[in-house]
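[1] Structure for the following, please:
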Amino acid sequence: MNAVWLMLVGFAAFGFGWFIYSRFYASKVLELDDKFVTPAHQYRDNVDFVPANKFVLWGHHFTAVAGAAPIVGPAIAVQWGWLPAFLWVVLGTIFFAGIHDTSALWASVKNEGKSIGTICTRFVGNKVGQLFMVVIFLVLLMVNGAFGVIIAKESVEHTSTIIPAWGAVVIALLMGQAMYKFKMKLVPVTIVAVIALYALVPLGVAVPVSLPDSLFGLNQNAQWVVLLYIYAGIASILPVWALLQPRDYVNGIQLFVGLILLYASIIIVHPDVSAPSIIPAITDNPGGWHMLVPVLFITVACGAISGFHGIVSSGTTSKQVDKMKDVRFVGYLGAMGEGSLALATIIACVAGLSLVNADLSIDTWANLYKGGVASFVSGGGAIIYEGLGIPREASATLLSLMVILFAATTMDAGIRLQRYIIQEWGDIYNISFLRGKGVATIVAVATSFAISMNGVSDGKVAIWPLFGATNQLLASLTLMVTAVILLKSKKFSGSLVVLVPMSFILIMSFWGAIIKLGDYYSAENYLLTTLNAIVIVVTLLVVLSALKVISQILSEKKASA
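    Sure, this is the predicted structure:
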């Protein structure tokens with residue numbers, strides 16, 4: 001089968017989601033009205049609260065949520081065949097991620113730009129809100145822990161990315177100074193920054209950089225993790241304008257360029273899919289589907305639905321929404337952007353790798369496909385090389401660089417958000433030393449560092465399934481809070497748009513978390529076993545409390561009927 005069909009069907013489905021389904025949800029259920037004064041105007045301080053052009057805000061939001069996850073998850077999931085991953089990414093983007101992201105953004109804009117945890121406190125209960133914050137903290141902890149290992153592994157395997165990846169930090173710092181200190185115009189600064197970034201790619205290919213095989217008993221992966229967390233700790237306490245904002249901006253441009261190159265190359269090359277729709281081990285065995293369900297739904301998180309998006313939507317994005325109707329544009333279209341990246345990853349893996357390995361075919365897929373980021377980089381690089389003639393190593397470096405920079409950007413934001421929560425806990429529980437920026441940063445870095453080091457010895461992201469399950473559980477809890485708001489607003493029929501995906505992803509992710517609890521315990525990984533157990537218990541408490549509130553609302557409706 002020609003891989004172009006996957007692209008065309010995926011884009012057509014996304015078109016339905018944007019032009020029909022999201023419009024229905026925004027107008028008939030949420031009833032978005034530009035007469036509503038958004039927090040960006042109501043509390044404008046030109047620091048956190050400031051109205052932004054919807055196109056600019058969409059770009060910032062997209063780059064904030066688009067880490068390495070929409071690449072990692074699908075690249076693993078296609079080991080079971082292209083069809084399950086394809087369907088989950090496409091349908092998940094339309095009916096799950098789009099609704100979740102739009103709902104979280106809407107709920108925050110309607111509630112003074114408050115975080116989803118605070119909104120939970122307001123509508124479900126104070127104690128439940130504090131438990132919700134625990135889930136948010138754990139998701140951030142796992143994001144940072146997983147991405148630390150991913151960046152380290154990519155840095156070891158693709159030494160040509162080191163100069164451009166770390167050079168991007170210098171470029172972002174200079175951009176921040178140019179725009180905010182010297183008041184230089186955005187367009188010329190952008191042009192110079194992008195040219196400088198891509199000029200570093202051939203330099204990186206020509207001068208690869210690698211660390212010693214062993215240093216103080218640490219292998220190369222572990223050494224990179226140490227360096228990454230030193231950097232992340234420093235970056236998280238710098239002013240946002242100094243590094244994080246310009247870095248997001250440059251990364252956004254790089255992502256658009258990468259997607260354009262990849263999709264254009266797919267159209268030119270129109271490669272054949274070398275993977276089966278579903279591997280025989282699943283279709284030919286009566287119990288084979290247990291390999292797929294529920295694991296698929298916690299493996300592919302970002303790119304189908306992600307609770308992390310709700311953190312960003314209600315954390316920073318909601319404070320910059322200019323008009324209420326912009327919520328649909330920024331929230332739903334942001335989810336579709338990630339879906340497009342996940343779709344490109346699927347095609348790169350199932351159609352690009354055979355251009356590198358001629359032995360890879362539908363018959364040999366189950367035995368030869370290794371999965372992971374390396375498959376996306378190799379497959380995508382091969383398609384770009386065949387389509388546009390960009391040297392194979394340079395193409396692979398571009399894609400690997402994209403993975404590293406987006407994972408690093410997410411880590412920067414994740415450590416910062418962890419610090420905010422730790423400082424907030426210091427205020428709530430009157431723990432004075434946690435209120436300080438320095439101590440809170442050290443705690444955030446130390447906890448995430450411990451997670452990364454837990455699985456860095458062999459470069460495997462042991463925490464990925466638990467991150468996926470926790471991330472999806474957070475998404476289901478965010479949808480549950482939205483459902484409570486809608487039900488309290490007497491929108492009983494409309495709430496089904498939220499309740500159906502919420503119920504499905506809650507069941508799948510909770511089921512997945514239970515399975516992983518047994519796996520981690522059997523493997524004697526007691527750190528991840530403990531984290532998994534905490535996630536399960538806290539989720540149960542939040543769900544039971546929310547269901548109690550929903551039951552009360554429905555009882556009141558029945559009594560008044």
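
[2] going forward, measure contacts and count neighbours with C-alpha atoms only.
    Fine.

[3] Would you map the strands across the stretch 151-300 of the chain?
    214-215, 218-219 (DSSP state E, counting those that start in this stretch).

[4] I'd like the ones you listed as CSV, with mean pLDDT appended.
    Output for those, formatted as CSV (pLDDT from 0 to 100):
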stretch, mean pLDDT
strand 214-215, 90
strand 218-219, 91
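
[5] now those strands as JSON lines including mean neighbour count and distance to residue 233?
    Converted to JSON lines, the strands of the stretch 151-300 of the chain look like this (neighbours: other C-alpha atoms under 10 Å; distance: least, C-alpha to C-alpha, whole Å):
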{"stretch": "strand 214-215", "mean neighbour count": "12", "distance to residue 233": "22"}
{"stretch": "strand 218-219", "mean neighbour count": "16", "distance to residue 233": "20"}
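
[6] got CSV for those strands, with distance to residue 157 too?
    As requested, the strands of the stretch 151-300 of the chain are arranged in CSV below (distance: least, C-alpha to C-alpha, whole Å):
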stretch, distance to residue 157
strand 214-215, 16
strand 218-219, 13
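
[7] now for those, which one comes closest to residue 36?
    Proximity to residue 36, assessed across the strands of the stretch 151-300 of the chain by C-alpha to C-alpha, is greatest for strand 218-219 (55.7 Å).

[8] Direction included, what does the closest one pair up with?
    When sheet partners are counted by DSSP bridges, strand 218-219 sits next to strand 214-215 (antiparallel).

[9] Using CSV, write out every CA atom in the helix or strand of the chain with the lowest mean pLDDT.
    Using mean pLDDT, DSSP states H and E, the weakest-scoring helix or strand in the chain turns out to be helix 54-65, at a mean of 81. Written as CSV, here are the backbone C-alpha positions of helix 54-65 (Å, rounded to 0.1, in the frame of the first residue of the first chain):
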residue,chain,number,x,y,z
LYS,A,54,-4.5,33.8,17.9
PHE,A,55,-2.0,32.7,15.3
VAL,A,56,0.9,33.7,17.5
LEU,A,57,-0.7,32.1,20.6
TRP,A,58,-1.4,28.9,18.6
GLY,A,59,2.3,28.8,17.7
HIS,A,60,3.5,29.3,21.3
HIS,A,61,0.9,26.8,22.6
PHE,A,62,1.8,24.2,20.0
THR,A,63,5.5,24.4,20.7
ALA,A,64,4.9,24.2,24.4
VAL,A,65,3.0,21.0,24.2
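
[10] Would you mark the buried spots in it?
    54, 57-65 (16 or more other C-alpha atoms under 10 Å).

[11] now for that helix, which elements pack on it?
    helix 244-269, helix 307-315, helix 326-347, helix 392-428 (3 or more C-alpha pairs under 8 Å, 6 or more residues apart in numbering; DSSP states H and E).

[12] and the longest one with helix 54-65, angle?
    The reference is to helix 392-428. 90 degrees (axes from the mean of the first three to the mean of the last three C-alpha atoms, to 10 degrees).

[13] C-terminal to helix 392-428, what's the next element?
    Note on helix 392-428: by DSSP states H and E, the next helix or strand toward the C-terminus is helix 437-454.

[14] which strands and helices sit next to the helix or strand following that following helix?
    Using DSSP H and E, the helix or strand that directly follows helix 437-454 along the chain is helix 464-488. In terms of contacts (3+ C-alpha pairs under 8 Å, 6+ apart), helix 464-488 is packed against helix 98-110, helix 116-123, helix 126-157, helix 295-299, helix 307-315, helix 496-522, helix 526-560.

[15] now stretch 302-314, how far from the centre of its chain.
    Put simply, stretch 302-314 sits 6 Å off its chain's centre (C-alpha atoms, centre = their mean, to the nearest Å).

[16] so where's the stretch 1-150 of the chain uncertain?
    Across the stretch 1-150 of the chain, the ranges flagged by pLDDT under 70 are 47.

[17] Kindly report the same for the chain.
    If you take pLDDT under 70 as the line, the chain has these spans: 47, 455-461, 561.

[18] May I ask you to confirm that residue 112 is in contact with residue 37?
    No: applying C-alpha atoms under 8 Å as the test, residue 112 and residue 37 come out as separate, 9.8 Å apart.

[19] of the strands of the stretch 151-300 of the chain, which approaches residue 281 most closely?
    Closest among the strands of the stretch 151-300 of the chain, once you apply C-alpha to C-alpha, is strand 218-219, at 36.1 Å.

[20] Report the next helix or strand after the least confident helix or strand of the chain in sequence order.
    Past helix 54-65, the next helix or strand by DSSP H and E is helix 69-77.

[21] From the rest of the structure, what touches the least confident helix or strand of the chain?
    If you take C-alpha atoms under 8 Å, 6 or more residues apart in numbering as the criterion, helix 54-65 is touched by 248-249, 251-252, 308-309, 312-313, 317, 320-322, 326, 329-331, 333-335, 337-338, 406, 409-410, 413.

[22] filter those to the buried ones?
    Using 16+ other C-alpha under 10 Å, the buried members of the contacts of helix 54-65 are 248-249, 251-252, 308-309, 312-313, 317, 320-322, 326, 329-331, 333-335, 337-338, 406, 409-410, 413.

[23] can I get the buried residues of helix 54-65 in a markdown table with distance to residue 543?
    Putting these into a markdown table (distance: C-alpha to C-alpha, whole Å) gives the following:
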| residue | distance to residue 543 |
| --- | --- |
| 54 | 34 |
| 57 | 32 |
| 58 | 31 |
| 59 | 33 |
| 60 | 32 |
| 61 | 28 |
| 62 | 29 |
| 63 | 31 |
| 64 | 28 |
| 65 | 25 |
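
[24] roughly how far apart are residue 86 and residue 297?
    Applying C-alpha to C-alpha, to the nearest Å, the value for residue 86 to residue 297 is 12 Å.

[25] Settle it for me: which of these two has more neighbours?
    Counted by other C-alpha atoms under 10 Å, residue 86 and residue 297 do not tie: residue 297 has more neighbours, with 27 against 22.

[26] close enough to count as contact, the more buried one and residue 510?
    No: the pair residue 297 / residue 510 is not scored as a contact, 10.5 Å apart, by C-alpha under 8 Å.

[27] For burial, what's the neighbour tally of the closest residue to residue 98 other than its chain neighbours?
    Leaving out its chain neighbours, the residue that sits closest to residue 98 by C-alpha to C-alpha, 6 or more residues apart in numbering is residue 332, at 4.4 Å. Number of residues near residue 332 (other C-alpha under 10 Å) recorded here: 27.

[28] Could you count how many residues lie near residue 279?
    21.

[29] ok, it touching residue 366?
    Yes: using C-alpha under 8 Å, residue 279 makes contact with residue 366 at a distance of 6.5 Å.

[30] Can you check which residues contact both of these two?
    Shared contacts of residue 279 and residue 366, counting by C-alpha under 8 Å, 6+ apart, come down to 79-80.
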